[in-house]
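1. Only the shape, not the letters, is given here:
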Ligand SMILES: Nc1ncnc2c1ncn2[C@@H]1O[C@H](COP(=O)(O)OP(=O)(O)O)[C@@H](O)[C@H]1O
Ligand SMILES: Nc1ncnc2c1ncn2[C@@H]1O[C@H](COP(=O)(O)OP(=O)(O)O)[C@@H](O)[C@H]1O
């Protein structure tokens, strides 16, 4: 069996402006490609990381360009973990984590789908918050082919 | 006249492995696109930043994945400055900065073109070295259209 | 995001390209929809074949457009939804809201045919 | 980088795709060139139309290939050089070293025609 390498860490930092979100997409897509995720899984990763970064910019930093959003990609052969960090106050996860925006009464709401999309497309979504330290969304996607090969 | 904004700073950090160079390319290309550089200038930026990052991985860190290469993109309306940093010992800039790999005796050499390419394609290439602090290539490209508009 | 419109018979085709992500994008699309309705055109296609990605804020723009057009008694359809975007439509069940077509032509025919 | 070869008459076509950047890429290309020469094939085309970028280390691979084939009395040509790659060829004057063609077909014809 091959030696288990420590995960490769790739770090991206962008100002809190929507115009830089496309860089987040390019990085997520490039890393998913390098990891040989399927097209569908690569789409899941890119779509989810974009949602987390959008929330960090909008809700975490209220578009304040002086506060960068930090994104850390931890790449292991069989799993990708992405941490999206903002310096904001965080939020009451219990209130939103079980929201279902697909019901008839909310289907036409213009907002409230970001966390639901992340939860639907990733294997695990966790929010870490600590007073004064900000809010980090931790998104995990396993690589099914790589797991099967072990 | 519009207020001069401070430059937007975008940071990328990759392990010192060639397999991650493509992320450097994706970022440089995405930023050049966002700045509306011409296709030719965008190619100049991406080609040059790749050379600097390749040198940081190969010469600066000798492929040691524990040492990340840091790349900072400073974006202003009329200029892009890219700083590529490694923790290595640096080198004697005087020896290589005026090398010309296009002469008949060196045209078929397999190496020795990286810095020449950067110098040819960017407006300014400077190397900052300080003992114990590593080596930083600073690459600058002006945006001719934006300069003309000022 | 960039937007352009053209009219085919009674149908307005709004073509979007780039990234659809809220902010100023919302106002541009709202404006185009409003102009069409004011011109008495109530049948619309938003073509998103050249949109590389949409986030949930961008979805909000499409939903708001759908609601505005429906409330005015019109119909909004989408054309050329990429695999990546249709993944989000499926997950959010927005595929039950939007009528989508493989091509602009097919969408036009569904109005006139 | 990925590499594949095929033979068209007497000419070996080596198709590269992805990123050309030294490291393991160098050995794969060297191997393919060696196999061709050992099989008595001395006319070769490296098609780089699907190579998204080349750094100077990748240029070294192309130069080494050129030198190996020339020393064996053969000829190496390139096809489908993108704008981005030809920018580096111009700057380094490697366009004076490599014969390049717009398409694989054109390169083949330059050998057989
Ligand atoms: N990084 C964050 N910082 C602060 N609040 C957040 C953050 N991410 C999400 N939230 C809160 O959770 C709510 C739900 O988020 P989401 O599901 O992405 O939908 P939307 O962003 O469209 O409201 C947001 O409205 C916001 O109140
Ligand atoms: N970041 C760096 N750290 C240490 N040495 C470097 C660095 N960048 C360049 N050099 C030195 O400068 C030389 C010339 O670099 P370059 O023109 O890129 O050609 P090449 O990398 O092909 O040798 C290298 O061989 C190396 O000795």
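-> Received it, and whenever you're ready, just let me know what you need. Computed from a predicted model, the values in this text were never measured in an experiment. Ligands and ions are numbered 1, 2, ... in the order given.

2. need the strands for chain C, in chain order.
-> C:2-8, C:11-20, C:43-54, C:75-79, C:99-101 (DSSP state E).

3. So for the longest one, mean pLDDT?
-> Throughout strand C:43-54, pLDDT has a mean value of 98.

4. The residue nearest the centre of chain A and ligand 1: what is the separation?
-> In chain A, the centroid-proximal residue (Cα atoms, centre = their mean) is residue A:49; its distance is 3.2 Å. For residue A:49, the distance to ligand 1 equals 13 Å [Cβ to the nearest ligand atom, to the nearest Å]. Where you see a C-beta, it was placed from the backbone N, CA and C, and this is true even at glycine.

5. In contact with that residue, which residues?
-> Contact analysis of residue A:49 by Cβ atoms under 8 Å, 6 or more residues apart in numbering or on different chains lists A:24, A:25, A:28, A:71, A:82, A:84, A:139.

6. What are the neighbouring residues in contact with the third one?
-> This means residue A:28. A:45, A:46, A:49, A:50, A:73, A:82.

7. Same check on the second one?
-> By Cβ under 8 Å, 6+ apart, the contact set of residue A:25 is A:46, A:49, A:50, C:19, C:52, C:53.

8. Surely the third one is in contact with residue C:55?
-> The reference is to residue A:50. Yes - under the criterion of Cβ atoms under 8 Å, residue A:50 makes contact with residue C:55 at 4.9 Å.

9. Give me the contacts around stretch A:137-150.
-> Contacts with stretch A:137-150, where a contact means Cβ under 8 Å, 6+ apart, come from A:1, A:35-38, A:41, A:44-45, A:48-49, A:52, A:55-56, A:77-84, A:118, A:122-128.

10. Filter the residues you listed down to the buried ones and express that as a ChimeraX selection.
-> To isolate the buried members of the contacts of stretch A:137-150 in ChimeraX, using 16 or more other Cβ atoms under 10 Å in any protein chain shown:
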select /A:35,37,41,44,45,48,49,52,55,56,77,79,80,81,82,83,84,118,122,125,127
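
11. Helices - which of the contacts of stretch A:137-150 land there?
-> If you go by DSSP state H, these have A:41, A:44, A:45, A:48, A:49, A:52, A:55, A:118 in helices.

12. pLDDT wise, what is the residue lying closest to residue C:20 once chain neighbours are set aside at?
-> Nearest-residue entry for residue C:20: residue C:58, 3.5 Å, with adjacent residues in sequence omitted and distances by Cβ to Cβ, 6 or more residues apart in numbering or on different chains. Looking at residue C:58, its pLDDT stands at 97.

13. What of residue A:1?
-> Looking at residue A:1, its pLDDT is 39.

14. same deal with the one 3 residues further on?
-> Turning to residue A:4, the model gives it a pLDDT of 52.

15. What's the separation between residue C:106 and residue C:89?
-> 17 Å (Cβ to Cβ, to the nearest Å).

16. thought residue C:72 was touching residue C:41?
-> No - counting by Cβ under 8 Å, residue C:72 does not reach residue C:41; the two are 10.1 Å apart.

17. Could you check which of the two is surrounded by more residues?
-> Comparing residue C:72 with residue C:41 by other Cβ atoms under 10 Å in any protein chain shown, the one with more neighbours is residue C:41, at 18 against 15.

18. distance of the closest residue to residue C:26 other than its chain neighbours from residue C:28?
-> Of all residues not flanking residue C:26 in the chain, residue C:61 sits nearest, at 5.0 Å (Cβ to Cβ, 6+ apart). Residue C:61 sits 9 Å away from residue C:28, taking Cβ to Cβ as the criterion.

19. Between the two, which is the more surrounded one?
-> Neighbour count, other Cβ under 10 Å: between residue C:61 and residue C:28, residue C:61 has more, with 25 against 16.

20. picking that back up, looking at residue C:106 and residue C:89 now, which is surrounded by more residues?
-> A count of neighbours by other Cβ under 10 Å puts residue C:89 above the other of residue C:106 and residue C:89, at 19 against 15.

21. Verify the contact between that one and residue C:82 for me.
-> No - the pair residue C:89 and residue C:82 does not pass the contact test of Cβ under 8 Å, sitting 10.3 Å apart.

22. ok, residue A:17 - contacts?
-> Residue A:17 makes contact with A:57, A:63, A:65, B:8, according to Cβ under 8 Å, 6+ apart.

23. ok, now residue A:78?
-> A:142, A:143, A:146, A:147, A:150.

24. which SS class is the fourth one?
-> Under DSSP: H, G, I helix; E, B strand; the rest coil, the three-state class of residue A:147 is helix.
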